[in-house]
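Asks: only geometry, no sequence info:
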């Protein structure tokens with residue numbers, strides 16, 4: 001059977017997912033720290049009081065991630081993205097009208113749940129279903145879009161707040177979310193109708209599942225079978241530590257660099273570079289994972305974390321060069337927040353239906369750890385007047401992840417090589 005050379009709708013679906021994630025994940029979860037000083041002063045609350053709903057945002061993200069595996073089977077990935085777009089729009093409208101912490105709490109509960117819906121489980125599931133090879137690269141490109149969005153909005157948000165006020169900036173978010181996100185949802189198709197419609201399809205490659213809902217393996221069975229896989233267990237342990245490290249980096253970066261004597265405008269610029277580097281390294285990590293293997297990806301990410309945290313802690317006041325170097329290296333490291341976990345699960349559980357279910361649970365675990373870490377870091381700051389102790393904790397966990405990642409990746413082949421071997425076995 002020859003490969004179909006006609007235009008493949010999978011590319012349209014891929015563009016749709018890119019647009020959705022550009023709006024939902026990029027805007028909704030990446031710009032919180034910019035608002036922190038204004039909102040704490042405006043509402044007259046302490047760091048711990050204000051960071052509590054942001055920590056709860058991560059808890060709700062965890063719940064949304066856990067629901068993804070179930071919802072994907074009921075309303076498809078496209079339906080999940082629709083819920084995320086509508087919910088995020090409402091969340092920003094609530095924040096625009098917040099005069100006390102009540103609406104802030106409600107808004108972050110809603111935004112967190114929708115962030116979970118549009119988290120890596122959905123776009124990884126779509127790319128895994130549509131692409132026969134280069135899966136990690138294509139997932140990395142969508143992740144790139146999320147972080148490019150955050151980079152753009154990090155700088156634009158500061159401009160809008162300074163020029164028109166905090167309320168106007170929230171309304172800009174809401175309109176962008178509804179219009180662009182809605183267009184993305186219309187373009188998305190969750191998976192090809194037949195295996196031959198996969199992009200880069202080669203006869204012999206199999207999804208190892210059926211589109212027949214009645215014949216699909218129950219989610220409970222997927223999870224129980226998954227936990228019997230030693231690679232999955234190691235990946236989950238790594239995930240546990242990743243959740244404590246990488247999402248709080250942007251929060252700690254803002255506060256540590258401020259304590260080091262850098263002004264807010266410079267820090268905002270550094271954060272823009274930080275998010276840009278997350279985006280760029282997701283594509284690089286995708287190429288590495290597909291062609292060189294997950295071990296190289298993990299060692300580079302956790303190595304960057306160790307080096308970047310050390311540089312951040314020792315960045316001298318006024319030395320912007322060192323500050324930007326820290327932002328760049330930590331940006332490369334923070335790829336692990338949404339990417340290393342997906343690559344580990346993709347490598348440990350190659351079967352598509354098992355992959356979606358296990359990734360749903362994995363992202364749930366990451367988000368729970370994020371919530372605990374964010375609140376704990378705020379408590380440490382209020383207790384000691386510094387984020388430095390929390391950064392040292394993240395540094396130690398990065399070393400643990402480096403060691404665990406080495407053992408996890410033993411014997412795991414590059415994803416493209418594994419796909420090619422499946423074709424050769426099928427032809428034999």
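Replies: Looks like it arrived, so ask away. Small disclaimer: the values here were computed from a predicted structure and weren't measured.
Asks: show me what contacts residue 240?
Replies: 365, 369 (CB atoms under 8 Å, 6 or more residues apart in numbering). In this view, the C-beta of every residue, glycine as well, is placed from N, C-alpha and C.
Asks: wait, a strand at it?
Replies: No. The assignment for residue 240 is helix, going by DSSP: H, G, I helix; E, B strand; the rest coil, so no strand is present there.
Asks: now do it, the pLDDT please.
Replies: Turning to residue 240, the model gives it a pLDDT of 70.
Asks: and for residue 190?
Replies: With respect to pLDDT, residue 190 has a value of 81.
Asks: likewise for residue 12?
Replies: 91.
Asks: same for the host helix or strand of residue 326, what does it pack against?
Replies: Using DSSP states H and E, residue 326 sits within helix 320-333. Under the contact criterion of 3 or more CB pairs under 8 Å, 6 or more residues apart in numbering; DSSP states H and E, helix 320-333 touches helix 249-259, helix 264-291, helix 294-313.
Asks: contacts for that helix, please.
Replies: For helix 320-333, using CB under 8 Å, 6+ apart, the contacting residues are 246, 249, 253, 257, 260, 262, 266, 270-271, 273-278, 280-281, 300-302, 304-305, 307-309, 311-312, 314-316, 398.
Asks: buried subset of those?
Replies: 246, 249, 253, 257, 260, 262, 266, 270-271, 273-278, 280-281, 300-302, 304-305, 307-309, 311-312, 315, 398 (16 or more other CB atoms under 10 Å).
Asks: which stretches of the stretch 101-250 of the chain have low pLDDT?
Replies: 202-220, 222-223, 226, 243-248, 250 (pLDDT under 70).
Asks: buried stuff in the helix holding residue 326?
Replies: Quick answer for helix 320-333 (16+ other CB under 10 Å): 323, 324, 325, 326, 327, 328, 329, 330, 331, 332, 333.
Asks: could those go into a markdown table alongside distance to residue 364 and pLDDT?
Replies: Formatted as a markdown table, the buried residues of helix 320-333 follow (distance: CB to CB, whole Å; pLDDT from 0 to 100):
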| residue | distance to residue 364 | pLDDT |
| --- | --- | --- |
| 323 | 34 | 87 |
| 324 | 34 | 90 |
| 325 | 34 | 92 |
| 326 | 30 | 90 |
| 327 | 29 | 89 |
| 328 | 30 | 91 |
| 329 | 29 | 92 |
| 330 | 25 | 89 |
| 331 | 25 | 86 |
| 332 | 25 | 87 |
| 333 | 22 | 84 |
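Asks: how far out from the middle of the chain is the helix holding residue 326?
Replies: The chain centroid and the centroid of helix 320-333 are separated by 19 Å under CA atoms, centre = their mean, to the nearest Å.
Asks: wait, residue 342 sits on residue 359?
Replies: Yes. Judged on CB atoms under 8 Å, residue 342 makes contact with residue 359 at a distance of 6.2 Å.
Asks: any residues in contact with both of the two?
Replies: 120, 124.
Asks: look at the closest residue to residue 51 other than its chain neighbours and give its secondary structure.
Replies: Setting aside the residues directly before and after it, residue 51 is nearest to residue 378 in space (CB to CB, 6 or more residues apart in numbering), at 3.8 Å. Recorded secondary structure, residue 378: helix (three-state DSSP).
Asks: quick one, grab the pLDDT at residue 378.
Replies: pLDDT, read off for residue 378, is 71.
Asks: any idea how far residue 104 is from it?
Replies: Residue 378 sits 15 Å away from residue 104, going by CB to CB, to the nearest Å.
Asks: before we move on, what about residue 171?
Replies: Residue 171 is 16 Å from residue 104, by CB to CB.
Asks: roughly how far apart are residue 74 and residue 307?
Replies: Taking CB to CB, one finds residue 74 at 44 Å from residue 307.
Asks: so where is the stretch 301-428 of the chain shaky, pLDDT-wise?
Replies: 336-341, 346, 350-357, 367, 370-371, 374, 419, 422-428.
Asks: helices of that one, start to end?
Replies: 320-333, 340-348, 352-384, 388-408, 415-427 (DSSP state H, counting those that start in this stretch).
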